[in-house]
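Participant: Generate coordinates for the sequence data below:
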Amino acid sequence: MKFFSVILVMLVVFQLSAYEKQTILMPMDDGIGLETDIYLPDGYETGSYPVILNRSPYDRTQKEQSGIDMTSNNVVFVAQSVRGTFKSEGTHGIWHTDGWGEHKDGYDTLKWITEQSWCNGKIATLGGSAEGLVQYFMAGLDEKPSLVYQIITVAAGDLYTSTFFPGGILREHAMVLWLEGQNASFFVEEMKKGNMYSKENEYWDVTDIFQKKENLNVPAVHQAGWFDMFAKYQIDTFRLYQEAGATDQNLVIGPWDHNNFTSRTVNELTFPENAEKYYEGEDDPAFGMLIHYFWPTSPKPEWAPVTYYTMGDVNDVDAPGNEWRTADKFPPAEAVSQTLTASDDLILKAGECGEGKYVLNFDLSDPFPSVCGNNLTINSGPCDVSSYRERSDVLSFSTVAFEEATEITGAIDLSAKFKADVLDFDMVVIFTDIYPDGKEYLLLEGAKKVRFRDGFENEKLLEKDEPATMEFNVGYLSIILDKGHKLGIHVASAYSPKYRLPSTVKDYWNDDKVKGEITFDLSETKIIVDTIGNWGGEKCEVNQENPDDMSDEVSTETDEETDDETVDSVTSASSSGCSLLSL
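Facilitator: Below you'll find the model as predicted:
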């Protein structure tokens with residue numbers, strides 16, 4: 001797995017020596033045993049060593065060579081199958097036994113390792129996707145025996161919003177297939193009981209580190225991809241760590257998707273070679289940090305809190321962007337929010353000059369399609385979605401071609417006013433880069449179920465044909481739209497098959513293929529983007545009585561979040577190695 005291969009760059013520095021491999025059933029507090037491989041350096045009986053721990057629902061044999069190689073550097077490697085997988089006993093916990101609930105398998109594992117004579121009291125964890133989720137839930141524990149560092153790749157700290165119900169919408173295609181691959185399809189039916197679809201259900205509490213902010217104190221690197229399914233949520237998680245005051249936290253965001261981490265080719269776009277590596281030289285600072293925490297006399301790398309890739313036109317080598325940048329936080333301090341509005345022509349302009357209305361008619365027998373994007377099991381990464389503009393069930397905005405390069409770095413938010421003849425639907429927002437040749441590449445998509453427009457704690461159906469408002473954070477991005485490019489935005493009422501077909505009635509699980517109508521008030525429907533530098537597109541005419549009324553350029557340091565999906569504790573940035581089925 002790619003998540004593991006990179007560790008050898010830092011840890012393997014000389015030839016393989018003798019080692020011993022032990023396979024045990026590590027005892028948990030309730031008596032269940034978890035199948036665990038332990039790779040021990042030669043002479044471990046008389047020594048003690050730092051330990052690298054990987055807890056996973058996947059095949060441990062894939063990591064055997066990594067384990068062997070680590071022992072030659074006097075590091076113990078522990079690879080464990082989580083509860084209910086392979087020969088580990090018990091029922092598949094689906095991460096519920098990895099947090100601070102009735103069973104605390106992460107804690108029990110750390111405690112058992114700490115008590116072994118071959119452990120010197122320093123444990124680091126690493127892994128991506130499902131293996132990253134278990135690390136976040138370990139970080140939320142009240143006690144974390146001997147845990148000194150974590151390398152967490154493509155994952156996030158809130159199981160409900162990041163994995164199963166982003167925006168309160170079931171991520172059906174990916175999660176049903178993933179559960180089938182884990183022989184855990186029973187959970188699909190479990191979710192349909194009671195109000196499991198709601199974040200208010202206490203089931204989700206023990207896998208939500210936003211409720212454990214005070215416990216977030218383990219140094220970590222958070223490795224994310226702009227096109228990963230966890231992108232928005234991992235950035236939110238990192239920001240939570242920073243808000244908690246946790247030391248030595250680093251965020252890396254590259255132009256990568258979930259299954260092609262550190263690859264410069266992502267679906268239909270190929271970025272320059274520099275996209276593959278976020279650091280200069282041979283030494284990955286993430287593993288430099290790991291070595292420092294294992295052997296404190298080793299120097300700590302000089303490393304900015306945030307390293308992110310600003311994308312640009314991939315067809316023009318002279319275009320701005322396509323470069324790595326650093327910041328103290330994300331969005332960067334210099335980002336300011338810019339409101340975009342449109343009238344009946346659906347041309348987005350900077351400022352507040354929208355007027356008119358737009359009627360969107362949908363038919364769930366032919367739902368708006370998810371063809372690429374921030375996915376796991378569907379076509380992942382950017383692709384040309386210009387055909388979206390041929391559909392009648394979408395509100396499709398665009399700017400005019402930019403007269404000068406325009407940078408959007410930070411949060412993308414939607415604020416909408418609308419009325420509908422149904423009680424509920426999914427508000428889906430898609431951000432695109434329209435190239436001069438007409439190809440329109442999807443770069444970001446996010447959604448929220450309308451019944452949760454006032455927060456997950458305040459589920460409220462629409463009143464038919466009565467005005468309603470909704471604001472939420474779609475996600476984050478960093479791109480320079482060069483001269484001649486356009487910014488595109490699509491707003492739809494479904495996104496199939498990625499998300500479950502939306503219910504339009506009170507029953508969340510209703511999947512009747514109905515028709516409906518949504519009317520948007522364009523005077524109160526706004527796209528808010530974080531920008532750095534000048535806006536190179538069309539602007540609203542300046543109000544001569546109030547020339548400063550053209551746009552809402554407010555520092556992101558003073559804005560407050562309106563979307564509770566990222567939890568109130570996180571201040572908003574703006575105004576408003578795995579296989580295909582590996583999580």
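
Participant: Just give the number of residues close to the nearest residue to residue 92 once chain neighbours are set aside.
Facilitator: Nearest non-adjacent residue to residue 92, counting by C-beta to C-beta, 6 or more residues apart in numbering: residue 84, 3.3 Å away. From N, CA and C alone the C-beta is placed, and that goes for glycine too. Using other C-beta atoms under 10 Å as the criterion, residue 84 is surrounded by 19 other residues.

Participant: ok, now residue 50?
Facilitator: Residue 50 has 23 nearby residues by other C-beta under 10 Å.

Participant: Tell me the strands beside the helix or strand where it lies, with direction?
Facilitator: Residue 50 is located in strand 49-56, with elements delineated by DSSP states H and E. The pairing partners recorded for strand 49-56 under DSSP bridges are strand 76-81 (parallel), strand 119-128 (parallel).

Participant: what's residue 476 in contact with, if anything?
Facilitator: The contact partners of residue 476, by C-beta atoms under 8 Å, 6 or more residues apart in numbering, come to 231-232, 235, 253, 330-331, 410-412, 444, 573.

Participant: Mind checking which of those residues land in helices?
Facilitator: 231-232, 235 (DSSP state H).

Participant: Give the rounded mean pLDDT of stretch 370-379.
Facilitator: Confidence over stretch 370-379 (mean pLDDT, whole number) is 95.

Participant: How about it, which residues are buried there?
Facilitator: 370, 372-378 (16 or more other C-beta atoms under 10 Å).

Participant: For residue 475, state which of those is nearest.
Facilitator: Taking C-beta to C-beta as the measure, residue 475 lies nearest residue 374 of those, at 7.6 Å.

Participant: got a list of what the closest residue to that closest one other than its chain neighbours touches?
Facilitator: Nearest residue to residue 374 in three dimensions, chain neighbours excluded: residue 229, at 5.2 Å (C-beta to C-beta, 6+ apart). If a contact means C-beta under 8 Å, 6+ apart, then residue 229 has 154, 171, 174, 258, 374-376, 380 as its contacts.

Participant: And the furthest pair within the residues you listed?
Facilitator: Top of the distance list for these (C-beta to C-beta): 154 and 171, 14.6 Å.

Participant: Could you give the number of residues near the nearest residue to residue 141 once chain neighbours are set aside?
Facilitator: For residue 141, ignoring the flanking residues on the chain, the nearest one in space by C-beta to C-beta, 6+ apart is residue 107 at 5.2 Å. If you count neighbours by other C-beta under 10 Å, residue 107 ends up with 22.

Participant: just to confirm, which helix or strand has the residue nearest to residue 92 in it?
Facilitator: Applying DSSP H and E, one finds residue 84 in no helix or strand.

Participant: One more: the one 5 residues further on?
Facilitator: Using DSSP H and E, residue 89 is not contained in any helix or strand.

Participant: just residue 136 next, same as before
Facilitator: Going by DSSP H and E, residue 136 is in helix 130-139.

Participant: Send me the next helix or strand after that helix as CSV with only the CA atoms.
Facilitator: Scanning forward in sequence from helix 130-139 by DSSP H and E, the next helix or strand is strand 147-153. The C-alpha coordinates for strand 147-153 follow below in CSV (Å, rounded to 0.1, in the frame of the first residue of the first chain):
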residue,chain,number,x,y,z
LEU,A,147,1.3,7.5,22.0
VAL,A,148,3.8,10.2,20.8
TYR,A,149,3.0,10.7,17.0
GLN,A,150,0.5,10.0,14.3
ILE,A,151,0.7,10.0,10.5
ILE,A,152,-3.0,10.2,9.4
THR,A,153,-3.7,10.0,5.6
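
Participant: any residues touching strand 147-153, and which ones?
Facilitator: 3, 7, 110, 122-129, 132, 135-136, 138-139, 218-223, 261, 286-287, 289-290, 293-294, 577.

Participant: got the angle for it vs strand 49-56?
Facilitator: 40 degrees (axes from the mean of the first three to the mean of the last three C-alpha atoms, to 10 degrees).

Participant: I'd like the average pLDDT over the next helix-or-strand element following strand 147-153.
Facilitator: As assigned by DSSP H and E, the chain's next helix or strand after strand 147-153 is helix 159. In this model, helix 159 has a mean pLDDT of 98.

Participant: residues in contact with helix 159?
Facilitator: Outside helix 159, the residues touching it (C-beta under 8 Å, 6+ apart) are 95, 133, 137, 204, 207-208.

Participant: got it, and stretch 189-206?
Facilitator: Under C-beta under 8 Å, 6+ apart, the answer for stretch 189-206 is 96, 99-101, 137, 158-161, 164-165, 168, 170, 211, 456-457, 459, 508-509.

Participant: Send over that stretch as CSV, restricted to the C-alpha atoms.
Facilitator: Taking C-alpha atoms only, stretch 189-206 is exported to CSV below (Å, rounded to 0.1, in the frame of the first residue of the first chain):
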residue,chain,number,x,y,z
GLU,A,189,-30.3,-2.2,8.0
GLU,A,190,-29.1,-0.9,11.4
MET,A,191,-28.9,2.6,10.0
LYS,A,192,-32.5,2.5,9.0
LYS,A,193,-33.7,2.0,12.5
GLY,A,194,-34.9,4.9,14.5
ASN,A,195,-33.2,8.1,13.8
MET,A,196,-29.8,6.7,13.0
TYR,A,197,-29.7,9.0,10.0
SER,A,198,-29.5,11.9,12.4
LYS,A,199,-26.3,13.1,14.0
GLU,A,200,-28.4,13.6,17.1
ASN,A,201,-28.5,9.8,17.6
GLU,A,202,-26.0,9.1,20.4
TYR,A,203,-24.6,6.2,18.4
TRP,A,204,-22.3,8.7,16.6
ASP,A,205,-21.0,10.4,19.7
VAL,A,206,-18.1,7.9,20.4
